[in-house]
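Asks: A structural model of the following input is requested.
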Amino acid sequence: MIQPNKKYRSVFISDVHLGSRISQTEVLCDFLKNNTCDTLYLVGDIVDFWKLERSIFWPQSHSNVIRRILTASKRDTNVKYVIGNHDETLRNWFHDATFSFGNIEIANQFEHQTVSSRKILVTHGDLFDNVIRYHKWLSILGDKAYSGIIFINFAIDKIRKFLGRNDWSFSTYIKINTKQAVAFITKFEDALIAHAKSEKYDGVICGHIHTPAMKQLDKFIYMNTGDWCETVSAIVENHDGTFEVLLFDPVSNQMKTKWSSTIL
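Replies: Just a heads-up that it's a prediction; the model follows:
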């Protein structure tokens, strides 16, 4: 794993989907074991209650992720859990802006302050997705289709490795080359950016659409954590104030920097 035993100021991960067969928990356990932080943001969809309601799937590696998070919260790490759409059941547990589950703070969103005291909105993003808000049945159907695509992705990846070919993502290819998918991602980003700006934030960090990103718009920054099913990615904040988007490279078995920014 890249930079083992490195301590970050903050780490942001989302869309782990524990309880789902497509969750890459082994890599996440390795990442959490070898990297620590002052604050760990779990940016939604950590546990996939949608999948668990249909069938129970919970191998030991999924429990290991929970154990890593709980161990971090008992030590020197502030753990903040943002609720997403797949774990929206948690929204039924509280009526205040935030509540605590042991040492873990849980809320729909948090405000993160950077080294230079810039304000960053941390939210999952599902509240800005009209399909989720108004047509949940359609989003559940889409979730089933997405899981099928990821399984196809895994199969293609194994075949290409057997043939000695480089990695190629079928699901990413669909996202990039389907106009509807590109339009959806653009609308999602625009809506979230507009909201964060209207609330006087200097940037936003979200998940939900499983598409890691870092975009600088003048003095505003948009960052997406990606996911731990398909892209296997995270956002980290260093103690000097720089942010990085890390993506897993299966060839070197390391998390590598895809984008970095010093704007904040």
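
Asks: ok, now how distant is the residue nearest the centre of the chain from residue 60?
Replies: Among the residues of the chain, the one closest to the centroid is residue 14, at 2.2 Å (CA atoms, centre = their mean). From residue 14 over to residue 60 the distance is 22 Å, taken as CB to CB, to the nearest Å. Bear in mind the C-beta positions are built from the backbone N, C-alpha and C, glycine included.

Asks: and what of residue 102?
Replies: Computed with CB to CB, the distance linking residue 102 and residue 60 is 22 Å.

Asks: could you do residue 79 as well?
Replies: Distance of residue 79 to residue 60, given as CB to CB: 21 Å.

Asks: quick one: which of those two has more around it?
Replies: residue 79 (20 against 8; other CB atoms under 10 Å).

Asks: show me which residues of the helix or strand where the more buried one lies are buried.
Replies: Assigned by DSSP states H and E, residue 79 belongs to strand 78-82. Neighbour counts over strand 78-82 (16 or more other CB atoms under 10 Å) mark 79-82 as buried.

Asks: quick check, nearest of these to residue 198?
Replies: Closest approach to residue 198 among those (CB to CB): residue 82, at 19.5 Å.

Asks: okay, and the beta partners of the closest one?
Replies: Legend: beta-bridge partners of residue 82 under DSSP bridges are residue 43, residue 107.

Asks: ok, it touching residue 110?
Replies: Yes. Judged on CB atoms under 8 Å, residue 82 makes contact with residue 110 at a distance of 6.4 Å.

Asks: overlap in contacts, the two.
Replies: Common contacts of residue 82 and residue 110, defined by CB atoms under 8 Å, 6 or more residues apart in numbering, comprise 41, 122-123.

Asks: and those residues, which of them are in strands?
Replies: Of these, the ones assigned to strands by DSSP state E are 41, 122-123.

Asks: OK, contacts around residue 232?
Replies: By CB under 8 Å, 6+ apart, the residues touching residue 232 are 24, 27-28, 226, 247-248.

Asks: quick one: the strands in the stretch 1-150 of the chain?
Replies: Secondary structure of the stretch 1-150 of the chain (DSSP state E, counting those that start in this stretch): strands located at 6-13, 35-43, 78-82, 98-101, 104-107, 109-113, 119-123.

Asks: now the ones you listed in CSV, with distance to residue 261?
Replies: What follows is those, written out as CSV (distance: least, CB to CB, whole Å):
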stretch, distance to residue 261
strand 6-13, 13
strand 35-43, 17
strand 78-82, 21
strand 98-101, 28
strand 104-107, 25
strand 109-113, 14
strand 119-123, 12
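
Asks: ok, back up a step: now do the strand holding residue 79 against strand 6-13, angle only.
Replies: 20 degrees (axes from the mean of the first three to the mean of the last three CA atoms, to 10 degrees).

Asks: ok, residues contacting strand 78-82?
Replies: Applying CB under 8 Å, 6+ apart, the contact partners of strand 78-82 are 14, 38-44, 46, 69, 72-73, 90, 101, 103-110, 122-124.

Asks: nothing else from me, thank you.
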